[in-house]
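>>> A structural model of the following input is requested.
(2 chains)
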Amino acid sequence: MRRDKKNKKGKKFGSQNKLTLFQKPEIKFGRSCPLSQKNSPIVDYKNIKLLKRYTSDTGKILPSRITSVSQFKQRELSTAIKRAKVLGLI
Amino acid sequence: MAFYEHTIVGKQDLSDKEVESLISKYSKIIDKSGKILKTEKWGLLNLANKIKKNRKGIFVHFKMESEGKVIREIEKLLSIDVNVIRYLTVKYNKLDLENEYFGVKK
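Numbers count the residues shown, from 1 in each chain, chains lettered A, B, ... in the order given. Reported below is the predicted structural model:
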């Protein structure tokens, strides 16, 4: 009986349990969003230290399935990164 | 009266005098019908990519409360201004004034 429950659980996270080439191994699945905790930093286009953590080394925005950021925060993050790019900060 | 954050990127070879005149010119326009809450001089920062052959830029940051008409007028002037290579205006309904991300050199 328990194994069925496990399988059903596995199917639900279909896209996450496939380890993509790009995925950092130490990120657990089903992690809570690091940006929407109580004392998480404010997502702002001036806060380039935070934005740099969510872009790849070539300046591309990391997808939320890898950085496990909530969808609302991912939209905020992407507009902030694009504004920082306009100003040439990133 | 909405809250705006306005950032101006000046050319790298602007002297302090020119930066001061730049700031006073635009703050006079804003003071006509709005009010500047805070101005920040972030100073010389190197840019991620070359903008109009400038590798570094002088950043000036205004936090202000004004109307849309004033912003349109300022942006019209900024696009003509030679010393300014990039500008960005962001509208907020609530401004946080306390945290600064760039070393504000007093």
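
>>> from here on, just use CA atoms for contacts and neighbour counts.
OK.

>>> count the neighbours of residue 76 for me.
Going with chain A. Burial of A:Glu76 is recorded as 13 neighbouring residues (other Cα atoms under 10 Å in any protein chain shown).

>>> if you could check chain B rather than the one you did, that'd help
11.

>>> mind checking what secondary structure it has?
Following DSSP: H, G, I helix; E, B strand; the rest coil, B:Lys76 is assigned to helix.

>>> also the one 10 residues further on?
In terms of secondary structure, B:Arg86 is strand; the call rests on three-state DSSP.

>>> quick check: closest non-adjacent residue to it.
Distances taken as Cα to Cα, 6 or more residues apart in numbering or on different chains put B:Val9 closest to B:Arg86, at 5.0 Å, once the chain neighbours are dropped.

>>> quick check: buried residues in the helix or strand hosting B:Ile71?
In this assignment (DSSP states H and E), B:Ile71 forms part of helix B:68-80. Across helix B:68-80, burial judged by 16 or more other Cα atoms under 10 Å in any protein chain shown covers B:Val70, B:Ile71, B:Ile74, B:Leu78.

>>> adding pLDDT and distance to chain A, write those residues out as CSV.
Formatted as CSV, the buried residues of helix B:68-80 follow (pLDDT from 0 to 100; distance: Cα to the nearest Cα, whole Å):
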residue, pLDDT, distance to chain A
B:Val70, 89, 21
B:Ile71, 90, 18
B:Ile74, 90, 17
B:Leu78, 90, 15
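
>>> hang on, the earlier thing: contact partners for the residue nearest to B:Arg86?
Contact partners of B:Val9, counting by Cα atoms under 8 Å, 6 or more residues apart in numbering or on different chains, are A:Leu87, B:Gly57, B:Ile58, B:Phe59, B:Val60, B:Val84, B:Ile85, B:Arg86, B:Tyr87.

>>> highest neighbour count among those?
Sorting those by how many neighbours each has (other Cα under 10 Å) puts B:Gly57 first, at 27 neighbours.

>>> pretty sure that residue contacts B:Leu14?
No - assessed by Cα atoms under 8 Å, B:Gly57 is found out of contact with B:Leu14, at 9.1 Å.

>>> what helices and strands are in contact with the longest helix seen in chain B?
The residue-count maximum for a helix in chain B (DSSP state H) belongs to helix B:16-33. When contacts are defined as 3 or more Cα pairs under 8 Å, 6 or more residues apart in numbering or on different chains; DSSP states H and E, helix B:16-33 sits against strand B:54-66, helix B:68-80.
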